[in-house]
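Visitor: sequence first, then the predicted structure, then my questions.
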Amino acid sequence: MFENLRAQPEDQILKLMEQYRADQRPEKIDLGVGVYRNSQGVTPVMQAVKSAEHQLWESQQTKGYTGLAGDPAFVSAMSDLVLGTDLAQARRAGAATVGGTGAIRQGLELIRLARPDATVHVPDPTWPNHTAILQAMGMKHRTYRYFDTETGALDMTGMLEDLAAVPEGDVVLLHGCCHNPTGADPSAAQWAQIAATLQQVNAMVMVDIAYQGFGDGIEEDAAATRLLASKLPELVIAVSCSKNFGLYRDRAGAVLVVSLSARHSAAVQGNLATLNRLAYSFPADHGAALVQMILSNPGLRGEWMDELTAMRDRINTLRTELAAALQRETGSDRFAFIGAQRGMFSRLGITPDQVDTLRDAHAVYMVGDSRMNIAGLSMEQIPTLARAIADTCD
Ligand code: PLP
Ligand code: TYF
């Protein structure tokens, strides 16, 4: 029967990761997969995570099953981290998932159960997995304008026009902060306009938030999601702990749902538990347990916040320095947006051929759409990178 299988399209980001590993040139620079690296090029286990693991090893009495929605204490801690404490608890539901990707999948499954015919509107561009998952699920989807490739900034006019035309009951997917792949986020004032438009059209909104704490801070990066939760009757949120807790392979994440009333929340909660059961019964708990311990222990939480701040500061310093180096090398402000944007990613705005040249001639690896993972850089690599980019773009 397996002769019937067709080859699946590869994930371009993960393919690039393999290519980079195989490259023997010592000067190679990896701006591909979205993984944070410190100044030594290492993706570290955070100290707060190490401490929590130590404590967990000492205190954990059982590895017996949690619940279908995972440990409620983890979900509640994540809910407060993302939504704050103002929103009524009775309107909240949620489940632990297998990473942020699992949260996206379960959130979309929930939406499909509630409204099988809805079209999901995603930003152009978006994280390629969004479209791949929607495609695999057979859900209708289309894009809304988001990014101005000329200026490297948000296309606010286009975005608002497209969102205003979303049919009632359709789904709009937004990146809560640190947009992947562009690094272009709406300002607070723009988020207010977006929220007002979504209210008007009565769309079902889903927020994907995978980089809380990587932009301007834990509270700042959650502001847009909290605004939407305060204005809209319903909201689905897919949260990842991969980046901000450095738990990539432990697969910690949560799907959070805000609904109109306690009655709706109970129905949502039951459906989320069933969706987990149908996919993998119980979600993984090790990473979730660490996150729950860190968030509920003031000492660990403080340590985690400090480490996260250092990561954010490093990325933002790299942004400033790279923008300045590119200004010097090119004698233009063409790449100034890199300094102003937030999160791991920016799109350089060069052609696929130029991306190939950077890889072949300069051992610089970035995704084909010219997305760079700024967090993959070291300060020492900036002059070389800026020269290679200036060379290639001449
Ligand atoms: N959403 C976005 C926009 C991402 O970039 C990622 C990638 O890490 C995720 C969700 C989910 O990541 P994970 O499944 O590793 O938690
Ligand atoms: O966009 C990125 O690079 C990260 C990591 O299938 C990632 O979000 C990339 C591809 C993928 C899963 C995670």
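Guide: Structure received. Ligands and ions are numbered 1, 2, ... in the order given.
Visitor: can stretch 13-31 be said to contact ligand 1?
Guide: No - between stretch 13-31 and ligand 1, judged by CB under 6 Å from any ligand atom, nothing touches; the nearest distance is 9.1 Å. Where you see a C-beta, it was placed from the backbone N, CA and C, and this is true even at glycine.
Visitor: over to stretch 168-179 now: how far is its first residue from its last?
Guide: With CA to CA, to the nearest Å as the measure, stretch 168-179 spans 25 Å from end to end.
Visitor: close to ligand 1, is stretch 180-192?
Guide: Yes - looking at stretch 180-192 against ligand 1 by CB under 6 Å from any ligand atom, the contacts come from N180.
Visitor: could you list the buried residues of that stretch?
Guide: For stretch 180-192, the buried set under the neighbour-count rule, 16 or more other CB atoms under 10 Å, comprises N180, P181, T182, G183, A184, D185, P186, W191.
Visitor: return the distance of that stretch from the chain's centre.
Guide: For stretch 180-192, the gap between its own C-alpha mean and the chain's C-alpha mean amounts to 13 Å (CA atoms, centre = their mean, to the nearest Å).
Visitor: so is that stretch next to ligand 2?
Guide: Yes - for a cut-off given as CB under 6 Å from any ligand atom, stretch 180-192 has contacts with ligand 2, namely N180.
Visitor: quick check: end-to-end length of that stretch?
Guide: Taking CA to CA, stretch 180-192 runs 21 Å from one end to the other.
Visitor: what's next to that stretch, contact-wise?
Guide: Contact partners of stretch 180-192, identified using CB atoms under 8 Å, 6 or more residues apart in numbering, comprise 34, 125-127, 146-147, 152-154, 156, 175, 177-179, 194, 210-211, 215, 223-224, 227, 337-338, 341-347, 367, 369, 371.
Visitor: next one: stretch 153-167
Guide: Residues from elsewhere that reach stretch 153-167, judged by CB under 8 Å, 6+ apart: 119, 121, 123, 144-148, 172, 184-186, 190, 193-194, 197-198, 200-201, 203, 337.
Visitor: can I get the buried part of these as one PyMOL selection?
Guide: Buried residues within the contacts of stretch 153-167, by 16+ other CB under 10 Å, are selected in PyMOL with:
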select buried, resi 119+121+123+144+145+146+147+148+172+184+185+186+194+197+198+203+337
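Visitor: quick one: which of the contacts of stretch 153-167 sit in helices?
Guide: When DSSP state H defines the helices, the subset of those inside them is Q190, Q193, I194, T197, L198, Q200, V201, F337.
Visitor: who in the stretch 151-300 of the chain is up against ligand 2?
Guide: Contact residues of the stretch 151-300 of the chain with respect to ligand 2, defined by CB under 6 Å from any ligand atom, are listed as N180.
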